[in-house]
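Participant: mind folding the following:
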Amino acid sequence: MRIIAFSDTHRHHDRVHRLFETTHLSTDLYIFLGDVLPDIENMAYLYPDKQILSVPGNCDFMSREPTVGVTEVCGKKILYTHGHFHSVRFGTSGIKSLAKQNEADLVLFGHTHIRHAEYEDGIYYVNPGSLGEPRDGKAPSYAVIDVLPAGILISHAELE
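Facilitator: Model (predicted):
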C-alpha cells in the first residue's frame with residue numbers, strides 16, 4: 001500500500017492539486033499533517049476513491065479536529081500529528097515518547113518544514129518537509145511510504 005504524507009501547505013492550493021494530479025494513480029492513502037486544512041478541502045470531492053486523513057496544525061487554530069490520529073495499514077500502526085504540541089522544533093524526544101506510548105510502527109509529523117527520516121527502536125519517524133514553504137533550502141516536498149509485507153519503505157520526493 002502506498003501512502004503520501006504531506007504537510008505545511010500554507011495556502012498553496014495549486015501545489016496540493018499538483019501533488020494529487022501527479023500521484024493519485026499510484027497512491028492509496030493521503031495523510032495531511034496540518035497547516036492549512038482548507039488547502040485539502042476539495043481533494044475528497046475531486047478524488048472520491050482516495051482515502052484522505054488529516055490533523056490540524058498550529059495555523060489551524062479554529063479547528064476542532066483531534067491533533068493526533070492513528071490508523072492501521074497492513075498490520076502497521078501509524079500515528080500522525082502536526083508536532084507542535086510535541087515540541088518537534090526542538091528535537092524528536094517528545095514525538096518519540098508519544099510513539100512508544102501508542103506502540104506505533106511509524107510516526108508522521110510536520111511543523112518544522114524540514115525533511116526528516118529516522119529509524120530507532122523499531123519505529124520510523126518521518127517529516128515530509130513542506131509542500132508550501134520549505135525551510136531547508138530545497139524544493140517543496142512530500143513523503144512516499146510503501147507499506148509492504150516485507151516492511152516499510154520511506155523516501156522523500158520533490159513536487160514536480
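Participant: so in that sheet, which strands flank the helix or strand containing Val144, and in what orientation?
Facilitator: Assigned by DSSP states H and E, Val144 falls within strand 141-148. Strand 141-148 sits in its sheet next to strand 2-6 (antiparallel), strand 151-158 (antiparallel), going by DSSP bridges.
Participant: quick check: buried residues in stretch 69-78?
Facilitator: 69, 73, 76-78 (16 or more other Cβ atoms under 10 Å). All C-beta atoms are positioned from the backbone trio N, CA, C, and that covers glycine.
Participant: after the longest helix seen in the chain, which helix or strand is next?
Facilitator: For the chain, the longest helix by residue count, based on DSSP state H, is helix 13-23. Per DSSP H and E, the first helix or strand lying C-terminal to helix 13-23 is strand 29-32.
Participant: from the chain's centroid, how far away is that following strand?
Facilitator: In this view, strand 29-32 has its centroid 6 Å away from the chain centroid, taken as Cα atoms, centre = their mean, to the nearest Å.
Participant: do the same with stretch 1-15
Facilitator: Counting by Cα atoms, centre = their mean, stretch 1-15 is centred 8 Å from the centre of its parent chain.
Participant: next one: stretch 95-104
Facilitator: With Cα atoms, centre = their mean, you get 16 Å for stretch 95-104.
Participant: which residues does it contact?
Facilitator: 68, 70, 77-79, 81, 83, 86, 88, 107, 109, 120-121, 123, 125 (Cβ atoms under 8 Å, 6 or more residues apart in numbering).
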